[in-house]
Structure formats: structure tokens, C-alpha cells
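Participant: I would like the atomic coordinates for the input below:
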Amino acid sequence: MSEKLRLAVLLSGTGRTLENLIEWERRGDLNAEVVCVASNRLKVRGLDIAHEAGIPTRAFKLSSFPDRAQRDAAMAGWALEQGCDLVVLAGYLSLLDLAGFGGITVLNIHPALLPRHGGEGCWGHHVHEAVLAASESESGCTVHLVDEEFDRGRILGQKSVPVLPDDDPDSLAARVFEAECVLYPETINRIARGALAI
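Facilitator: Reported below is the predicted structural model:
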């Protein structure tokens with residue numbers, strides 16, 4: 001495999017996706033290393049997970065900056081100082097201003113098969129509730145490039161799961177997250193190998 005990608009992970013909460021990427025890295029199955037973790041919220045579990053793994057962390061609370069653009073520019077500058085060459089959103093629940101990232105690619109994973117069930121307000125259980133309300137026969141997850149709109153960037157990969165007759169949002173969410181835990185690191189590996197153009 002080629003030289004490992006250096007990942008900056010941005011998150012807002014529990015850090016389950018970060019935890020999965022760290023586990024893939026520890027097993028030697030991820031052709032990347034997480035070099036820093038930033039959050040737009042203070043005192044979230046995701047920062048604790050990174051700290052315990054010895055990964056540099058920093059929180060960028062919006063109230064500490066004049067506006068979102070300046071907060072995101074500060075976050076981008078810090079991530080670039082850590083030497084990242086790919087930014088990975090892992091449950092980052094805010095539209096990101098990309099101006100400060102200097103052209104570095106930003107990825108996101110969404111818990112549905114885009115373009116369905118995406119956009120502002122479609123996150124977490126809201127997504128799974130919408131899938132069930134629409135009587136979909138399948139759901140899944142999507143890795144996509146991040147642009148100036150929620151969940152509209154170019155799709156890089158998808159993984160489907162069935163929607164079962166007795167599903168509720170919790171059971172569907174668990175099945176989709178299992179798919180996310182495979183699709184995200186596999187997509188990062190494809191980028192690292194040069195098998196996927198970004």
C-alpha cells in the first residue's frame with residue numbers, strides 16, 4: 001500500500017466513528033493514521049477517546065469566535081498545523097465553511113442512501129425515522145465529498161442494508177452503523193491506494 005494518509009477527524013459527540021477508525025488503525029487494516037481530532041463542542045466523549053489514544057485534540061466552540069466562518073477557519077488552521085492531508089467528518093453536526101482548508105478534501109458519512117433522506121435536519125435518528133416513514137425497503141450509508149450544502153457533495157461509496165418489517169429507528173440505526181463501520185475505512189483505503197479519485 002502507499003504512504004498512509006494523515007487524517008484530521010472532526011466530531012460533535014460520542015466519537016463512535018472515531019473509535020472505529022482507531023480500531024481499524026490498531027489492527028493495521030487502515031492505510032491512514034488519525035493525527036488530530038477537533039470538536040465544535042466541549043467535553044464530548046469523542047475528545048476523551050482521542051485523548052486516551054494519545055491523539056492531539058482541541059475544541060472550537062462557536063461562542064468563542066465572532067462567527068462560524070472564523071471558527072471554522074481556526075479549526076482548519078489547527079488541523080493543517082497537525083499535518084493532515086484528509087479531513088474526515090465523524091458525526092460533525094454543523095455545516096462546515098471550507099474556505100480555510102486550503103483545498104484539502106473533506107469527507108463525510110451519512111446514515112442513508114443519498115440523495116434520499118439528506119439535507120439540513122437529516123441527521124441521527126431523524127434520518128432513520130424518515131426512512132421508516134417512507135416505507136423504504138432498504139437503507140444504508142453514503143460516503144461523500146463535503147461541499148457548501150448539507151449532504152450534496154459527490155458520492156464516493158454506498159453500502160445498503162435491508163429495512164426489516166419490525167424495525168424501529170433504534171434497530172435500523174444499529175444496522176446502518178454496522179455498515180458505516182466498514183464503508184468509511186474501506187473508502188479511505190481506496191483513496192490511499194489511488195483507486196478512488198477525489
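
Participant: okay, now the unreliable bits of the chain?
Facilitator: The model of the chain has pLDDT under 70 over residues 1-2.

Participant: what segments of it are strands?
Facilitator: Secondary structure of the chain (DSSP state E): strands at 5-11, 32-39, 57-59, 86-89, 106-110, 138-145, 155-162.

Participant: how far out from the middle of the chain is the fourth one?
Facilitator: Per CA atoms, centre = their mean, to the nearest Å, the displacement of strand 86-89 from the mean C-alpha position of its chain is 7 Å.

Participant: all helices for this protein, in order.
Facilitator: Counting by DSSP state H, the chain has helices at residues 16-27, 45-52, 68-81, 125-133, 169-193.

Participant: in CSV, list those along with distance to Gly140 and mean neighbour count.
Facilitator: All C-beta atoms are positioned from the backbone trio N, CA, C, and that covers glycine. Below are those laid out as CSV (distance: least, CB to CB, whole Å; neighbours: other CB atoms under 10 Å):
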stretch, distance to Gly140, mean neighbour count
helix 16-27, 15, 18
helix 45-52, 23, 18
helix 68-81, 29, 18
helix 125-133, 10, 18
helix 169-193, 6, 18
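
Participant: ok, which of the ones you listed comes nearest Thr105?
Facilitator: Nearest to Thr105 among these is helix 169-193; the distance by CB to CB comes to 8.0 Å.

Participant: mind giving me the packing neighbours of that closest one?
Facilitator: Where contact means 3 or more CB pairs under 8 Å, 6 or more residues apart in numbering; DSSP states H and E, helix 169-193 is packed against strand 5-11, helix 16-27, strand 32-39, strand 86-89, strand 106-110, helix 125-133, strand 138-145, strand 155-162.

Participant: format the ones you listed as CSV; extra columns: distance to Arg190.
Facilitator: Shown next, in CSV, are these (distance: least, CB to CB, whole Å):
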stretch, distance to Arg190
strand 5-11, 11
helix 16-27, 13
strand 32-39, 11
strand 86-89, 12
strand 106-110, 11
helix 125-133, 24
strand 138-145, 10
strand 155-162, 7
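
Participant: between those, which gets nearest to Met75?
Facilitator: Set against Met75 and scored by CB to CB, the helices and strands packed on helix 169-193 come closest in strand 32-39, at 5.2 Å.

Participant: quick one: strands adjacent to that closest one?
Facilitator: Strand pairing for strand 32-39, determined by DSSP bridges: strand 5-11 (parallel), strand 57-59 (parallel).

Participant: need the winner for burial among the ones you listed.
Facilitator: Most buried of the strands paired with strand 32-39 by mean neighbour count (mean count of other CB atoms under 10 Å) is strand 5-11; its value is a mean of 25.

Participant: hmm, who's touching it?
Facilitator: Contact with strand 5-11 is made by 17-18, 21, 31-40, 44, 46-47, 50, 75, 79, 82-92, 96, 188, 191-192, as judged by CB atoms under 8 Å, 6 or more residues apart in numbering.

Participant: now stretch 37-45
Facilitator: Counting by CB under 8 Å, 6+ apart, 8-15, 18, 46-47, 50, 55-62, 71, 75, 78-79, 92-94 sit against stretch 37-45.

Participant: hmm, Leu62 is touching Asp72, no?
Facilitator: No - the pair Leu62 and Asp72 fails to qualify as a contact (CB atoms under 8 Å) at a distance of 9.4 Å.

Participant: brilliant, that's me finished.
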